[in-house]
Structures are given as C-alpha cells and as structure tokens.
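Enquirer: Here is a sequence with its predicted model. Questions after.
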Amino acid sequence: MLWKILLILLISMVPLIELRGAIPVAVGMELGLPEWLVLIIAIIGNIIPVPIIYLFARKFLEWGSGRKWKPLKSFCEFCLKKGEKAGQKLLKKAKSGVYFALFLFVAIPIPGTGAWTGTLAASILNLDFKKTILAITAGILVAGLIMLAVSLGFFKIIFGG
C-alpha cells in the first residue's frame, strides 16, 4: 500500500501534471485505495512544493538565466517568461481581486494552469506569501474535487460500472 501512496504523492508533485494527472492515474490504475484517500494524498502532494516554489523558484530561475550552460539558461528563461506572462494576465483580469483570480487559476483544471504556474506567477509578482498560499491551497482543493469527479465518471462510462 505504501508504494501506491508514494506513487500518487510523487505524481502530484510533478510540475504541469500535479493532481490533475495523479488522480486520473490512480483511478484508472484501480489501486484499490478509497477515493477519499486518493484525493487527500494528491492534494497533499500538490501542496508540498508550493511554499518552496514561492520562496526559491524565482531566485533559482533568475540565477539560472544568467548561466552559460545553454540547457539551464533556456529552461530558466522559459519558466521566467511563462511565470511573468501568467502573472501579467492574472493581474489584467483580476485587478483588485488578484487572490481570487489566483484561486480560480489553480482551481480550474486545464492545461497550463495549476499550483506550480500559479505560485511561480505569484512569486514573480511579489504577491503576499500567506494570501498566495491560501489562494493556491483552496484552488488545489477545488481542482482535486473536480478531477476526482471527472475521473470517476469517465472511467465508469468507459469501463462500465
């Protein structure tokens, strides 16, 4: 059972995949874990990197974008541009409701949105740490519930149930 928990936890921590991928994988693999446990593990796995991203990602990306090693430089520049673009888009749409917009950005499980991108954008924009963590965590909870509902419905339709 421990490997099943670790699998869900680790998939949930992967950038761009997050719990949006972990929950469908866990449901599709029929790991034998209760759905509520899959949801909790995926949420925890998705939340774990958030404070680390907020506190250190921007510093690392700025450092890496100034390096000579091309793969590192390219990766860091890409992430900075993506975070800046997402942050500016968020600010334009949100104006004074930036934390609610951040919550929605993370909560709606579509490609390119999620805790990693939202946290990076918040970090680049120097948003308040506590408010950012609360908005991202709430978004993760909602995204997890949506993904669990969709995954259960999808696999029941495909495989009968």
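Expert: Received the coordinates, thanks.

Enquirer: Please make it C-alpha for all contacts and neighbour counts, starting now.
Expert: OK.

Enquirer: Next, name the residue at the spatial heart of the protein.
Expert: Among the residues of the chain, the one closest to the centroid is Ala115, at 2.8 Å (C-alpha atoms, centre = their mean).

Enquirer: leaving aside the residues next to it on the chain, what's closest to that one?
Expert: Leaving out its chain neighbours, the residue that sits closest to Ala115 by C-alpha to C-alpha, 6 or more residues apart in numbering is Val106, at 5.6 Å.

Enquirer: Look up how far Lys68 lies from the one you found.
Expert: 33 Å (C-alpha to C-alpha, to the nearest Å).

Enquirer: More neighbours: those two, which one.
Expert: Higher neighbour count among Val106 and Lys68: Val106, with 26 against 10, using other C-alpha atoms under 10 Å.

Enquirer: Please report how far the more buried one lies from Ala121.
Expert: 11 Å.

Enquirer: where does the chain have low pLDDT?
Expert: 154-161 (pLDDT under 70).

Enquirer: repeat that with 90
Expert: For the chain, the stretches flagged by pLDDT under 90 are 1, 15-16, 28-32, 57-58, 79-96, 110-113, 117, 120-121, 124-126, 152-161.

Enquirer: For the longest helix anywhere in the chain, buried residues please.
Expert: If you go by DSSP state H, the chain has its longest helix at helix 129-159. Residues of helix 129-159 classed as buried under the neighbour-count rule (16 or more other C-alpha atoms under 10 Å) are 132-133, 135-145, 147-148, 151-152.

Enquirer: can you pull the contacts of Gly114?
Expert: 16, 18, 105-108, 140 (C-alpha atoms under 8 Å, 6 or more residues apart in numbering).

Enquirer: With distance to Leu72 as new columns, can those be given to me in a markdown table?
Expert: Listed next are the contacts of Gly114 as a markdown table, based on distance: C-alpha to C-alpha, whole Å:
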| residue | distance to Leu72 |
| --- | --- |
| Leu16 | 18 |
| Glu18 | 22 |
| Phe105 | 27 |
| Val106 | 26 |
| Ala107 | 30 |
| Ile108 | 30 |
| Ile140 | 29 |
